[in-house]
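Student: Provided below are the primary sequence and the corresponding predicted coordinates.
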Number of protein chains: 2
Amino acid sequence: MERSKDSEKSCKRRLVEAAREVFAREGLKGATTREIAREAGVNEVTLFRHFESKANLLNAVLKQVADRQTLTLADLQPDADDFRAGLMEYARTYGRMLYADEGLIRTLIGEANRYPELAETITHRCAVPWRESLQQYLRTQQTAGNVRKNLVLPVMVDMFTGFLLAAMLRQTSPWKTEDYTEHEYLAESVGVFACGIETTNQQKRK
Amino acid sequence: MERSKDSEKSCKRRLVEAAREVFAREGLKGATTREIAREAGVNEVTLFRHFESKANLLNAVLKQVADRQTLTLADLQPDADDFRAGLMEYARTYGRMLYADEGLIRTLIGEANRYPELAETITHRCAVPWRESLQQYLRTQQTAGNVRKNLVLPVMVDMFTGFLLAAMLRQTSPWKTEDYTEHEYLAESVGVFACGIETTNQQKRK
DNA sequence: GCATAATGCAAGCAAGCACTTGCATTATCA
DNA sequence: TGATAATGCAAGTGCTTGCTTGCATTATGC
């Protein structure tokens, strides 16, 4: 039972990896088991022997993505002493994650209503942890006197992740308009957001 | 040639209408010509007689949506004297449009990379006009002294539409978390945005 | 070296898909 | 009424899909 662990694992892993790419590239319906198997370099039958259905394979992919995100979030230690620097760190990390999983995120946005249980899973394991971490950070900054106390924190958190998500969607579209750089967007938008929620509203100098 | 105009038009229109719903509900690949025809109450063959292919039908749908949005935008006359009220009007109108076309927007986000020419069309005919209108409004407010002059306006515009889009995606998801109302989100987020870009940064009282 | 488990391969199945064809039926309008 | 155009209907074509079956081949660990 121990002997085959390695090869089997590498085979399964290669399949999950390939499936992640093909699902992201072709969509849930557009991805075919034939193409996934080909991209993984294994026979299509092997795919069905490991995961019994295409749906099972998709679940394995999502589980892997969720686990990776959990690690990313756990590694994040934002600067609590510099309010704006901490926010920027959240924004950069969140943005990096968005770009890394772009294809899957697009696909899930598109198919969320058709696979509700799937959307719920990914939400509970990805979005909720981010929300709570960020909300906790803002609460800390409130008690430190940096952030206004009359804010609805859940709204602020969703607004923050919201304009970052939208930025990713725009930048990775085939039609991106290119009148500012990604870095410029991050700095400017997070700056305005910070300016909007902080206590002492000193004007930001460019 | 005049005689059949009505019935033909009504038939074509019913097909486009049904197609819009089915495409939105099932996705570009998931939507079948059979179901579209059934939902329109006509025979599947009739569909192929009017539009020669599924792709043509999709184009007709997008054209209709784009035209409708052009009208919506033309009707919008934001209050230029009250900066925040004008912003809120933009937000409400934009939000209404987002909710009306939710399904299609989701689908297009999901499939943008697989149908680039399609994404480009819809962008040029929908997103760009919004961007320019909003940017013009902000420029006006800058000269009126209400908005800071050291802002990168394209970023501001995309940030604004961005957190509104993301809010719609969240609210219409099967897993919406429900810890604030749609109205509350609008008021709070637009408030923070306004607070972030305006010249005199008076604290907003709840 | 040998049993056992994993993989490959060729073929196929049943279903669903976009799209077509041929013909009967209905509505339109002069 | 009668020609013409639009629609309905039944059937079918060729392709792709997820998934299965049977059997040969390879690797693994004792």
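Tutor: Cool, the structure landed. Numbers count the residues shown, from 1 in each chain, chains lettered A, B, ... in the order given.

Student: how about low-confidence regions in chain A?
Tutor: Of all residues in chain A, those with pLDDT under 70 make up the ranges A:1-9, A:201-206.

Student: all helices of it, in order?
Tutor: A:5-30, A:33-40, A:44-50, A:54-75, A:83-100, A:102-111, A:116-122, A:128-143, A:153-171, A:182-197 (DSSP state H).

Student: ok, how many other residues are close to residue A:105?
Tutor: The number of residues packed around residue A:105, counting by other Cβ atoms under 10 Å in any protein chain shown, is 23. Yep, even glycine has a C-beta here, placed from its N, CA and C like the rest.

Student: swap that for residue A:58, please
Tutor: Other residues near residue A:58 come to 19 when the count uses other Cβ under 10 Å.

Student: Surely it and residue A:121 touch.
Tutor: No: assessed by Cβ atoms under 8 Å, residue A:58 is found out of contact with residue A:121, at 10.6 Å.

Student: what sits against residue A:116?
Tutor: For residue A:116, the contacting residues are B:174-175, by Cβ atoms under 8 Å, 6 or more residues apart in numbering or on different chains.

Student: Okay, buried residues for stretch A:188-204 please.
Tutor: When neighbours are counted by 16 or more other Cβ atoms under 10 Å in any protein chain shown, the buried residues of stretch A:188-204 are found to be A:188-198, A:201, A:204.

Student: In JSON lines, list those residues along with distance to DNA strand D.
Tutor: Output for those, formatted as JSON lines (distance: Cβ to the nearest atom of the strand, whole Å):
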{"residue": "A:188", "distance to DNA strand D": "43"}
{"residue": "A:189", "distance to DNA strand D": "39"}
{"residue": "A:190", "distance to DNA strand D": "41"}
{"residue": "A:191", "distance to DNA strand D": "45"}
{"residue": "A:192", "distance to DNA strand D": "44"}
{"residue": "A:193", "distance to DNA strand D": "42"}
{"residue": "A:194", "distance to DNA strand D": "46"}
{"residue": "A:195", "distance to DNA strand D": "48"}
{"residue": "A:196", "distance to DNA strand D": "46"}
{"residue": "A:197", "distance to DNA strand D": "46"}
{"residue": "A:198", "distance to DNA strand D": "50"}
{"residue": "A:201", "distance to DNA strand D": "54"}
{"residue": "A:204", "distance to DNA strand D": "51"}
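
Student: Export those residues to TSV and append columns for distance to residue A:63.
Tutor: Converted to TSV, those look like this (distance: Cβ to Cβ, whole Å):
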residue	distance to residue A:63
A:188	36
A:189	32
A:190	31
A:191	37
A:192	37
A:193	32
A:194	35
A:195	39
A:196	37
A:197	35
A:198	39
A:201	44
A:204	42
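
Student: what's the closest of those residues to residue B:53?
Tutor: Within the set of these, residue A:189 lies nearest residue B:53; the separation is 41.3 Å, counting by Cβ to Cβ.

Student: And for the residue nearest to residue A:64 when sequence neighbours are not counted, the neighbour number?
Tutor: The shortest distance from residue A:64 to any non-neighbouring residue, by Cβ to Cβ, 6 or more residues apart in numbering or on different chains, is to residue A:16 (5.7 Å). The local packing count at residue A:16 equals 20, with neighbours defined by other Cβ under 10 Å.

Student: Is residue A:16 in contact with residue A:67, as I believe?
Tutor: No: between residue A:16 and residue A:67 there is no contact under Cβ under 8 Å: 11.3 Å.

Student: Can you give me every residue that contacts residue A:44?
Tutor: Residue A:44 makes contacts with A:33-34, A:37-38, as judged by Cβ under 8 Å, 6+ apart.

Student: what's the closest non-adjacent residue to whatever residue of chain A ends up closest to chain B?
Tutor: When scored by Cβ to the nearest Cβ, chain A has residue A:110 as its residue closest to chain B, at 1.8 Å. Excluding the flanking residues, the one nearest residue A:110 by Cβ to Cβ, 6+ apart is residue B:110, at 1.8 Å.
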